[in-house]
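Enquirer: When you get a sec, could you give me coordinates for this:
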Amino acid sequence: MIIDLHTHTTWGSGDSIISPDQLVEVARRVGLDGVCITEHGNRRFEGVEELARKHDFLVLSGMEASTELGDILVFGLDSYPRVLHRARDLREFVVEAGGVMVAAHPFRYDLSQKPWLRPPRTLTIEQACARPIFQLVDAMEVVNSWASEEDVEFAMEVSRRLFLPGSAGSDAHIPQDIGLCATVFENEIRSEEDLVRELKLGKFTALDRRQKEQKSPTHWF
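Expert: Numbers count the residues shown, from 1 in each chain. Below is the predicted model:
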């Protein structure tokens, strides 16, 4: 199954121009088997079941949490306390709730130059592997539609060295990005419980569906 695990809509992300209905319509049109809405903040998209029924399409929901170690995709719970800003505290809460965590775009600020960001820092593979965030998550996002080829190759090498499963998501904030990057699951996903189980088992691979010319990001969100 091919699922875009990282998308944003107008419901909970002020920097997105995608409505929930449009997200699903485009996801179906570009050949996805499902889509996951991961709004910024501490609560998941509330209308996920209704949206799925309306379109007869697999719609799941998670959250993109901001921590001192970077952004983390959280799946398997409805919300978490706003006071949880430290990644370790968030991890404790998510584990107790039976959820799962994925490091989102972990090297966005470190490698290739993006026009909307400061100049990148110098980072070695060894330094990257030693980052504390990778001791706290169940997987890492190795492919993201905002990422350059350099970003992807670097993230995949870190994933291999740490034996940390690598996922993919478009991080779509505009319709044309939906499904450009997605995660391919070995087993069928029909519910959020299925998603959490398969993410914990690591039975998935990252898929980059972008054309070569699309791998030089120009996003400004």
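Enquirer: how about stretch 29-44: buried residues?
Expert: 30, 32-39, 42, 44 (16 or more other Cβ atoms under 10 Å). Every C-beta, even on glycine, is put in place using the N, C-alpha and C of the backbone.
Enquirer: tell me which element residue 167 falls in.
Expert: Secondary structure from DSSP states H and E places residue 167 in strand 166-169.
Enquirer: shaky segments in this protein?
Expert: Low-confidence segments of the chain, defined by pLDDT under 70: 112-121, 212-221.
Enquirer: Break down it into its strands, ranges please.
Expert: 2-7, 34-40, 58-67, 70-75, 100-103, 139-144, 166-169, 181-185, 204-208 (DSSP state E).
Enquirer: Mind putting these into a markdown table with distance to residue 109?
Expert: Putting these into a markdown table (distance: least, Cβ to Cβ, whole Å) gives the following:
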| stretch | distance to residue 109 |
| --- | --- |
| strand 2-7 | 17 |
| strand 34-40 | 17 |
| strand 58-67 | 13 |
| strand 70-75 | 9 |
| strand 100-103 | 13 |
| strand 139-144 | 13 |
| strand 166-169 | 18 |
| strand 181-185 | 19 |
| strand 204-208 | 20 |
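Enquirer: Quick one: closest of those strands to residue 198.
Expert: Closest approach to residue 198 among those is made by strand 181-185 (5.4 Å; Cβ to Cβ).
Enquirer: Neighbouring strands of that closest one in the sheet, and parallel or not?
Expert: In the sheet containing strand 181-185, its partner strands are strand 2-7 (antiparallel), strand 204-208 (antiparallel), by DSSP bridges.
Enquirer: Buried deepest among those strands, which one?
Expert: Stretch with highest mean neighbour count among these: strand 2-7 (a mean of 27; mean count of other Cβ atoms under 10 Å).
Enquirer: Now do that one against strand 139-144, angle only.
Expert: Interaxial angle, strand 2-7 versus strand 139-144 (axes from the mean of the first three to the mean of the last three Cα atoms, to 10 degrees): 100 degrees.
Enquirer: contacts for strand 2-7?
Expert: Strand 2-7 has contacts (Cβ atoms under 8 Å, 6 or more residues apart in numbering) with 18, 23, 27, 31-38, 58, 60, 62, 64, 73, 102, 104, 141, 144, 167-172, 178-179, 181-185, 189, 195, 207.
Enquirer: Number of residues surrounding residue 109?
Expert: 14 (other Cβ atoms under 10 Å).
Enquirer: and the residue nearest to residue 8 when sequence neighbours are not counted, what does it touch?
Expert: Nearest in space to residue 8, with sequence neighbours left out and distances taken as Cβ to Cβ, 6 or more residues apart in numbering, is residue 16 at 4.0 Å. Applying Cβ under 8 Å, 6+ apart, we find residue 16 in contact with 8-10, 172-174, 221.
Enquirer: Thanks a lot, see you next time.
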